[in-house]
Structures are given as structure tokens and as C-alpha cells.
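J.: Sequence below, structure please.
(chains A, B and C)
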Amino acid sequence: MHGGTFGIATPRVPLTPALSPGGEGDMPLVKSLPAHPDRKKGAAMTADILFQVLVSGLLIGLIYALVAVGLTLIFGVMDIVNFAHGEFLMLGMYASFWAFALFAIDPIVALPLTALLLFAVGVIVYQTVIRRILKAPMLSQIFATFGLMILLRGLAQFFWKPDHRLIPHSLVSGNVAFGPVQFGLPQFVAALGAVGVTGALWMFLHRTRLGTALEATAIDREAATLMGIDGQKMFALAWGIGAACAGLAGGLIATFFPIFPEVGSNFILIAFVVVVLGGFGSVTGAFLAGIIVGLIEVLGGFLVGPEYKTAIVLSLLLIVLLVRPRGLLGKA
Amino acid sequence: MRFAPAITEPTRLPKGSLPSRRQTIKRLLAAAALLTTTALTGIGLDIAPAHAEDEIRIGVIYPLTGAAASTGVELKAAAELAAAIVNKEIPAPPGLVAGIGLPNLKGAKIKLIFGDHQGNPQVGATEAERLITSEKVVALTGAYFSNVTATASQVAERYGVPFLNGESSSASLTQRKFKWFFRTTPHDDLFVGNFFTFLGDMEKKTGDTLRSVALFNENTLWGNETTKLQVKLSEEQKFTIAEKILYPAKTTQMTSEVQRIKAAAPAVIMQSSYLGDAILSMKTYKELGFLPKMLLANDAGFNDSEFLKTMGKDGEFVISREVWALDQAERNPLIKQVNELMQKRSGVNFNGNSARAFTGIAVLADALDRAGSTKPDAIREALQKTDIPASGLIMPWKGVKFDASGQNELGTGIIVQVQGGQYVTVWPFDVATKPVVYPMPAWDGR
Amino acid sequence: MTTGTNVSRKMAGTAALLALAAVLPLAVTEPSQQNFLILILMGAQMGVAWNIVGGYAGQVSLGHAVFYGIGAYTSTMLLLTLGLTPWIGALAGGLVAAAFALAMGWPCFRLKGHYFAMATIAVAEIMQILVTNSDALEGAVGLYLPMDQSGWGVLIFLSKLPYYYVILGLLVLTVLVSWAIERSHIGYYFRAIKDEPEAARALGVSLTRYKLIALTVSAFLTAMGGSFYAQKEMFIDPGSVFAGTISIKIALIAILGGVGRLTGPVLGAVILITIEEYSRTLFGSTGSGTDMIIYAAMIILVAVFSPSGVLGLLGDLRRHLPGAKPAEVETSAKEIRP
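T.: Numbers count the residues shown, from 1 in each chain, chains lettered A, B, ... in the order given. Below you'll find the predicted structure:
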């Protein structure tokens, strides 16, 4: 056969492969492995697999929810669709990355910092760009946030190079297993964080004066103004909180997702779907819709075929819109 | 006539008052500045930069922005190194192709003009046309993405300008009967064929059966063509396809994909992914606690310099097809010498992609010199007569010699495995520097 | 307000512009510059077609790539399988796209505002995924047009000039259709739907019917633009003709020039394509993202300083010129007889 000097090494822990020359000139051994279940089409669904798929879907769905609540909040308060929302996520990821790379701060520890930083970014974006287009037609607003999206990507490439980066070891790493169901600790912590942040946002909107004012502005801008709520302040606050939510989502997934200037484009379509499915402006709706989208995407991808997973989610969106033209919990 | 007059009011302006004169002036000034800038840049381009007589311009098209920008920037650095060597700005190691510069062109210098295709086939064609007609390049090279190479080389074909592709592996590119298209890298037919030969060899070595294969490829031109070849060869060589997945690139999660593969429990996964997806899929394998006996990657993302940098020990033991590996320096001193130049200049090692980009420029320069002219026909003729021995290359190939379709018929592939943070050659066995680690150790056994 | 002199002045202006466009390639002889002009005309044609539904009828579609892609694939498949000339193929593509628009518009027009825009994005994305996975259409591999043929029959040319005149002709056709609609009672209904939907409904106008007309006409013309793309680039794949970025670009062109105005998208295309091409050619080769930054900065500047498009800005200017008659300047809408 091949007159090679090297054979096959059977690995031992740790990495150095042991040299164990394979039999030169062996005839292929006919050794039948336990036959794999002969499945031509579709995937066999056992209870274990179903649980596993549902858990995976739930975990990613909660992340979608967190990305989307910020987007829907901005929309609810001022009727602006923010195309640059994925880029806030990207900035959040980079904030975590640099905190880790430069100061050795773990992404999880850096979360409050990331949130503050992105809050500031949101307010700055509002003050410099959005404030000037408040009265512009919807189309010009799309135009502006679309430009913002490209700008932030360009700046990220300019300052941080187009490289893919990853935070190699975070406080949270490794796997957790519950019986047959396995998931990564980073994903689990990210999902928990998403629940926590969304919950905190809900409490803020419903239990604090400032939050209630924000919610009131979202429900009826003019009435809120009449009641003495400073609209401008509320708008800036919405952008700050919206960006901070996306930033937190970025910080949470930075423990397992590659970080690069275009990473926002992976998430933005799904985030839009979640916002619309939940109903523009509804934080609770976005939370529910995030979970639904995550579950349907993973489950649909598993059953029908991963190449159609996005199409399945989008079809679901269209069907829901036909029945409920304002999404699940959208305001009338 | 049927409407209330209220409707006929023009509604051009946003509701509210008309803009004040001051606002209008402010906006006008901004618009004027914008238009002036645009106009000036336009004029700036029209005045083609006066270039020296002895400067030979070569167009290079890469993805310099967009999702693949990190690879594009790496390719650009390699191409620039090749140009610097040809231009004798850097002394060349003896024996290196094109290391002698361009004596037949009286020591003329080459100048690379870069274009950014952004991963978009239309932009690739537009850039090719611009480089040919307004930058007056004598030849083109690029474009990494197979579908962009397809459109950009069509433009070159129409204008009768040589297009030398160094790093696109889609087999169909050299099946188009083009006159002006040349490709130095081997294509997917060879690479995919190698996979199956390798698996056969491994079965003989280990006595294991590796007949059940999962195909896991990204859903663009490259992944699709690869899948078709893999299906064909599986049937011919009696392999069973346990699962076949074409996944959408730029995805947020790969759990459905990996879960399906896990359920199918194949012995081998054959995977084609660009960098971001390669990283995400490895993370997902780990998350779901799954690994096959062997993960056979189809180059690209798995062989990007950043893959190992970002994955660390989680990237260990992946096996990938390659055209280049640093450990081949043991067999070919040129590899080491040129890699040191690359290190000095850009601070990174070569990898399969950048080594091929380097070789592309070097082969083109060699043809230019032998042509002794910058006329397209002369360059094309010289390219056809190219016969570079293995000893002049930094690739582990048998040489460079183009067949009638423009394909280099002396290209070969190797198979590498990540071991101890390095890509080491493990196949063909006669050029291997390390044994294959098999099967892939489980995640918790590392 | 409608004065004969005004109309004839406009017609003279249009004729002069057309004559200029017709002789322009004689002055601009370099192929890459001609290609640049073609890109502008392609952008203008898409923008004018989009404007019919997005501008006049006020139904913001962010999924027009679906029509563009249908046009490109229909004419190309007909050429490759039946050898049918793209002249007929483009018409067929237009008809398929129009039929598709009817089928998709019927349910989608129940939705309003942002919900409608999102639904159009969803439809276009689903279509891209379906085509990507369709073996009959060669899926992600894409389709090549024959390189060994050329001439007016197959609409493939070696030089840029014929492409220039074909797309100029298509643009003129698109503008004419748009103009005819603007002046007809249909255009009047469109604006009514956009501005006062409740009043229009109260007066018995079927909103859905007129929205469907707008979408269908727009889809037909957009698809013809897609067929032209295929003929010019000679290679199509789902990522290049069904992409979401195309949908956005189509809308951007119209918005930039001025939505709901006949010539807005033409001006928008001139500006947007110029920024796009020159920022890339001048700064793209650095690999540091500078071209994106410049492109984006210009877009944001336009959005902030000229929210009603460049035409709106010009309108403001004229209003402030000494001696200008108030509000007359930019009111093509008002001139229409109901």
C-alpha cells in the first residue's frame, strides 16, 4: 500500500499523539460496525432528541428575544425601525472582547460595563442622527438607520480589522448534561441573562416612574407630551435602553459566538421577524415571539431540513400576520 | 371629480411647518458639499494617474469588505509580498519562480491594482471591467469566491485579457472552454477524490469501517458543487450517505444541523464552511457533545489563520484538505524562506489561501517575463507554455503546467490535521510529517 | 395652476435631457465609464418602477428583489432551455412577476405600514431560499448565459453601447408608464390611498384593487430590469438577484431622489450609484473599510439634511428664491386633473 513512514496514532490524553505504526500492506479488514440506522429522509425523532431540540431552541430563542426587545422598544416609543440594531449587538460583542483582551475582564463580569457603554452609544446615535429625522417620512428614517448600519460596520472594520475573534476561555465554559439532554454552559448562561434582562426591563417599564413615562410615550406620544413628559428625553432614553439591550445580548453571546464586523447581519433578519411576530412596540410580545421563533427554527430545521429553517420561520410570520395583522400582541 | 378637495393637497413635505430659510440654506450647503465631493472624486478618476513606462499593471480582485474581508486582506498581503519579490524590493531565495524579476522586460516593475468585489458577482464584473479599461491592467488575478471569479473572468474573456485564478476551487470554472482563463490551484474534483482515497487508505491502516458519511456543506456554489461530487463518489465507491445537509451561510445557530448529524451517527463528517460558520459549528459540536470518528474539512474556514487562533484546543484534530502546510518546509527549503519573508512583512504565517495567492502572482510574473511583452496575446502564449518545476514553488505540487482548458495539471492536494496548534501533513503518507490521530478524541477526553 | 407654458417647458426639458442621454456615450467612450452610466440607468429604472407602488401608492415594499429575481430567472431559463429570445423572455418574466405580485399582494395588502414592509421582506427571503434549493433552477450554482453568442437576437453584446441604449429604452418606457399613471385617474386614486385612505374608502374606492394595480405594474417593470441584469452580467445566482440588499437599494434610490415624484428616482440613482461606485473604486482597495464609511456617511447626511429627497431640497430652494411663486414649484400632483 502506501509506503509511508507513518501510521495511525491512537490518541491518548493529552495532545501528543503516540506513534503506533499501522500494519504495512494490510488488506482492508472487513469489520462491520453496528449498522447505523438506515435513514434516507428526515430525522428520526425520539423523545430524547425532541427534548434536546426543544432545549436548544429555547436557549437560542431567549437570545433572539433579548435582541428584539430593544428593537421593539425603540419602535414603540417613536415608530422608527432601526436597521442598525444588529450593529449594536456587534458593538456589545466587541466591548466584551476588548474588555477581555486588554484588561482580562470576563465577558460576564463586563456585562454592566457593556450595558453602560452601549447605552451611551444609543444616546449619542439618537442625539447626532435620529433627533434630526424625527419628523421625516418613514422612508427617510429607514434610509438613515440603514446608513448607520453600514457606517458602524465600516468603522468596526477600520478600527478592529475584519478578523474573526473569539473569547477563548470565559468563566462560563463547558457543558451541562441533564440525562440525555446536553447544552453548553455559555448558551445556558446567555439564555438566563436574557431572561433576567428582559424581566428587569419589564419591571422598569411597569414599576418605575421613569419607565411608566416611557411606556406612556410608547402608547400615546401626544397624550404623554400633554401630561408633561419630555418627549425628547424619552426618545433618548429609549435609544439608550434599546442599544443597551442589544449590547447585553452581544456580551452574553460573545462567550460562544465568533466576533466580526458583519456579525450583526446574521441576527438582524431574525430580530425583525421576532419584533413583527410579537407586534411592533410590545416588549412582552417580543419576548414570547423570540422563544417561539427559536423553537420553530431549531425544530423545523431538524424535521424539514436546515436549508429551509429560515423559510419556515418566515412562513410562520406570514401566516400569523394574515390572522393577526398586528402581530401577537401589537398595539392597535 | 369624485373626491373631496382635501385630497388634492400636495403632501410632499412632512407634516408641520415649511422649513425655514435658514434650515434650507444649511441643508443646501450640505448637499452642495456632498455633490462637490462626488464630482471631484469623479474628475479625479478621469485623470488617469500618469504611470511610468516601465510599470506593468496587474489587476487583483479580492473581497476586501464584507463577510470574507479578513481572508481578502490576507490574500492581499500575500500578493503584495510576491510583487515585492518580483520587483526586487526584497531579495528572493534562490530558485524561487519569478525571483529573478523581469529581465526580459528590462527590469520593469509590476504594480498591483487592487479592486474590492465585496463578495458580489456583479461588483466583481464591474471591477474587472474598470481595471481592464480604465486602469489598463495587462492581466487580472483573483477573486477567491468561485462565483465572483466566474463573472470577473467572463469580462476578461470578452476583452481578451489573461485571467489567472489562484485560489477558486469550483470545478466548473475550467470547464467553460475559455481562451483567457488559467488556474493554478487544483479544483474540487481532485480534492473530493482525495477525501475518498484517504478514507480508503485509512480503512486499510486501521481496519475500521469508515463507510458511513455525513455531508455537511454550505449552501452556495462551492458547497453545492462539492456535495454533488461527494454524492457521486460515494455511490461509485460504495460509501453510505448517512445525512446530507446544505446549510444557509450566516446563520445564528447550527443546533438543528448538528442535531440531525448526531442522530444519523456517521463515522465521518465531510464539511465545507467559511470561517464564521466553521467556528460556530465546532462550538455547536462541543455544545451537543458530539464528534464523529473523523471530521474531514474542505479547506476554507477550517484552514484560515484565524481558525486556530480563535478555536484554541477546541480546533484540535480536525482533518482538512489543503494545498500547503508549513511543515512541508522540511521537504522544501523555499517554503521556510518565503514564509519568513511573510512573517517579517505582515507578522503572519502563510496558509493555503495566501500561499496560493502568492503563487498566482509569481506564475503570472514568470509568464510576463517569458513573454517579454505586455501584449495580451504574448502573455497568454507564455502562460500556455508555462512549465515551472516543483523546485521553484512554495506549494507541494509537482509543478505548474496548464492543460488546454487552462487548468494546472500538476497541482496536487495534501491532507493536514490540527495537532498541537499546527496544521501538520498527514497524507499522502509519503509526504506526511506526523501520523494521523484517529479517531478524534472525545471533547471531555482532551 | 396648470399652464400651457409650464407643460411645454417641462416637455422641452425632458426632450433635451433625453437627447443628452442619447449622445452621452459618444462623449464617454471608455467602457468602464459606459458601464458606470449603465449602472446608473439600471438603478434609475428600478427606482422609477418601485416608485409606482412605494411612492405614488405609498405602499413601502422592501422585497422588490423578488420581482427582479423572477425576471432574471424567467428570461434566462427560457433562453437556456427553449432558446427563446430575451425580448420575449423579459415580457414573460414581467408577466410571471405580475402574477406573483397579484398572488402575494392579495393577502399582504391587509397589512399596513411597517407590517406590510416586513411581509414583503419575508416573501422575498422565502423566495430566495426556495430558488437556492431548487435543482431545476440549478440552485445556488446559478445560471450562465451563453458566452459564444451575441447580437440583438440573444441580446448579448461584446461592447457596452447596445446595453446602454437598451437600458435607456427600458428606462424611458418605465418613466412613460409611470407618467401615464401619474396623469391618469389611477394615479389620482393612488395618491388618495396614500394620503387619505379613509376618505378614499368612504368614497367607494377599492383600496386593495388599486394597491394591487400599483404592485403589479411595478413588479412587471422591475422584472424587466432583472432580465436586463441577466443579459448584461451573463451570470445569475440567487445571491445576486434575489438578495435583500437589492430590495433595499431599489428603495434607497427612490427615497434619495424624492419619493412619489416622476424624476426623483432618476436623480437618486445618479447620486447613489456615483457614491457607491466611486467610494469603492477610490477607497475600496485599502481593505480597511474606508469605502463603507464614506458611503454610509453620505447616506446619513442626505437623510438628515434632505429628508424629502434631493428634489424636495431643490423645491425648498426655489421657494426661497426671491420672486418665486409660493408652492407652485413642486406640485405635479396638483396639476393632475381628477
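
J.: So for the residue of chain B found nearest chain A, what's the pLDDT?
T.: Nearest residue of chain B to chain A: B:Phe429, at 2.4 Å (CB to the nearest CB). Every residue, glycine included, has its C-beta placed from N, CA and C. The model reports B:Phe429 with a pLDDT of 89.

J.: what does A:Leu15 give?
T.: A:Leu15 is given a pLDDT of 33.

J.: Run through the helices of the stretch 51-200 of chain C in chain order.
T.: C:65-77, C:86-108, C:113-132, C:161-183, C:185-195, C:197-202 (DSSP state H, counting those that start in this stretch).

J.: Next to chain C, which bits of the stretch 251-400 of chain B? Give me the list.
T.: Counting by CB under 8 Å from any CB of the partner chain, no residue of the stretch 251-400 of chain B lies close to chain C.

J.: C:Trp50 reaches C:His64, doesn't it?
T.: Yes. Proximity of C:Trp50 to C:His64 meets the contact threshold set by CB atoms under 8 Å, at 5.6 Å.

J.: Common neighbours of the two, please.
T.: Common neighbours of C:Trp50 and C:His64, using CB atoms under 8 Å, 6 or more residues apart in numbering or on different chains, are C:Ser218, C:Thr222, C:Ile250, C:Ala251.

J.: which residue ranges form the strands in chain A?
T.: Along chain A, the segments classed as strands by DSSP state E run A:8-9, A:175-178, A:181-184.

J.: just the ones you listed: most buried one?
T.: Burial of the strands of chain A is given as mean neighbour count (mean count of other CB atoms under 10 Å in any protein chain shown); strand A:8-9 ranks first at a mean of 22.

J.: Would you mark the buried spots in stretch B:379-390?
T.: Neighbour counts over stretch B:379-390 (16 or more other CB atoms under 10 Å in any protein chain shown) mark B:Ile379, B:Arg380, B:Ala382, B:Leu383, B:Gln384, B:Thr386, B:Ile388 as buried.

J.: Please state the offset of it from the chain centre?
T.: Averaging C-alpha positions (CA atoms, centre = their mean, to the nearest Å) puts stretch B:379-390 22 Å from its chain's average.

J.: how long is that stretch from one end to the other?
T.: 22 Å (CA to CA, to the nearest Å).

J.: So what's the model's average confidence on that stretch?
T.: Per-residue pLDDT over stretch B:379-390 has a mean of 95.

J.: swap in stretch B:400-408?
T.: For stretch B:400-408, the mean per-residue pLDDT is 96.

J.: same thing with stretch B:139-158?
T.: Here stretch B:139-158 scores 92 as its mean pLDDT.

J.: do that stretch and chain A meet?
T.: No. Applying CB under 8 Å from any CB, one finds stretch B:139-158 separated from chain A by no less than 13.4 Å.

J.: Repeat that for stretch B:402-422.
T.: Yes. Using CB under 8 Å from any CB, stretch B:402-422 reaches chain A at B:Gln419, B:Gly420.

J.: can I get the CA coordinates of that stretch in CSV?
T.: C-alpha atoms of stretch B:402-422 as CSV (Å, rounded to 0.1, in the frame of the first residue of the first chain):
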residue,chain,number,x,y,z
PHE,B,402,-1.6,24.4,-17.9
ASP,B,403,-3.7,22.0,-20.0
ALA,B,404,-5.9,23.0,-22.8
SER,B,405,-8.7,24.2,-20.5
GLY,B,406,-6.3,26.4,-18.6
GLN,B,407,-6.1,24.1,-15.6
ASN,B,408,-2.8,23.4,-13.9
GLU,B,409,-2.4,19.7,-14.4
LEU,B,410,0.5,19.3,-11.9
GLY,B,411,-1.3,20.5,-8.8
THR,B,412,-1.8,18.1,-6.0
GLY,B,413,-3.6,18.2,-2.7
ILE,B,414,-2.4,17.1,0.7
ILE,B,415,-4.4,16.4,3.9
VAL,B,416,-3.5,18.0,7.1
GLN,B,417,-4.6,17.6,10.7
VAL,B,418,-4.5,20.1,13.5
GLN,B,419,-2.1,18.8,16.1
GLY,B,420,-0.7,20.8,18.9
GLY,B,421,-2.0,24.1,17.4
GLN,B,422,-0.4,23.4,14.0
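
J.: where's the closest residue to A:Gly242 other than its chain neighbours relative to C:Gly55, distance?
T.: Nearest residue to A:Gly242, sequence neighbours excluded (CB to CB, 6 or more residues apart in numbering or on different chains): A:Gly70, at 3.7 Å. According to CB to CB, to the nearest Å, A:Gly70 and C:Gly55 sit 31 Å apart.
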